[in-house]
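K.L.:
what would the 3D arrangement of this be:
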Amino acid sequence: MDGCTNYTVLSEAHRAQGNAERPHDKYDNTLGTGWYRFQGAAGDRMPDKCVLSYRCGAKYPGWLNGAHPTVAEGVVSRTACYSDYSDCCTSSNIIKVKNCGSYYVYDLQRTCWHCRYCGNGGAGKLH
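P.N.:
Prediction:
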């Protein structure tokens with residue numbers, strides 16, 4: 001299945017890395033496996049730098065530990081890290097990422113309890 005044409009959109013504003021609002025009770029431990037694209041208020045991609053804990057609606061926000069791929073690289077494996085108050089990668093899992101030209105898609109897996117994949121939205125608006 002081609003992730004560039006068959007994906008689920010993640011667009012919720014509370015998924016943005018700039019969101020520090022309570023409650024921090026939105027987790028992806030029940031997320032269905034498959035391709036996802038970040039859009040809208042969530043941002044247009046996963047952040048690729050450490051996201052502070054208690055952001056994007058979760059206790060442990062998730063970010064992409066590694067560079068986003070070029071189109072030529074095709075589908076690559078990357079580590080999704082989850083931050084807590086003392087460690088930018090207290091927990092992690094492997095995901096796949098694909099550059100579709102003007103956007104990225106992510107083959108996401110269920111996360112740890114209290115963990116959530118973040119979008120890069122609101123990066124300049126941290127509370």
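K.L.:
secondary structure element for the residue lying farthest from the centre of the chain?
P.N.:
The C-alpha centroid of the chain is most remote from Ala72, which lies 22.1 Å away (CA atoms, centre = their mean). Taking DSSP states H and E as the definition, one finds Ala72 inside no helix or strand.
K.L.:
and it, how far from Lys98?
P.N.:
Using CB to CB, to the nearest Å, Ala72 is found at 11 Å from Lys98. For the C-beta atoms, the positions are set from N, CA and C on the backbone; glycine is no exception.
K.L.:
what do you get for Arg55?
P.N.:
In terms of CB to CB, Arg55 sits 25 Å off from Lys98.
K.L.:
same deal with Gly62?
P.N.:
18 Å.
K.L.:
which one's more surrounded, the two?
P.N.:
Ranked by neighbour count (other CB atoms under 10 Å), Gly62 and Lys98 place Gly62 first, with 28 against 22.
K.L.:
beta partners of that one?
P.N.:
As for beta bridges, Gly62 partners with Tyr82, Tyr117 under DSSP bridges.
K.L.:
list the contacts of it.
P.N.:
Counting by CB atoms under 8 Å, 6 or more residues apart in numbering, Gly62 touches 28, 46, 51, 56, 80-82, 111, 115-118.
K.L.:
model confidence for it, exactly?
P.N.:
Listed pLDDT for Gly62 reads 97.
K.L.:
cool, Ala123 as well?
P.N.:
For Ala123, pLDDT reads 62.
K.L.:
what does stretch 97-105 contact?
P.N.:
3-4, 7, 35-39, 44-46, 64, 68-71, 73-78, 106-107.
K.L.:
break down this protein into its strands, ranges please.
P.N.:
8-10, 34-38, 60-65, 75-82, 91-99, 104-108, 115-117 (DSSP state E).
K.L.:
Gln17: which of those strands is closest?
P.N.:
Evaluated with CB to CB, the strands of the chain place strand 60-65 nearest to Gln17, the distance being 6.6 Å.
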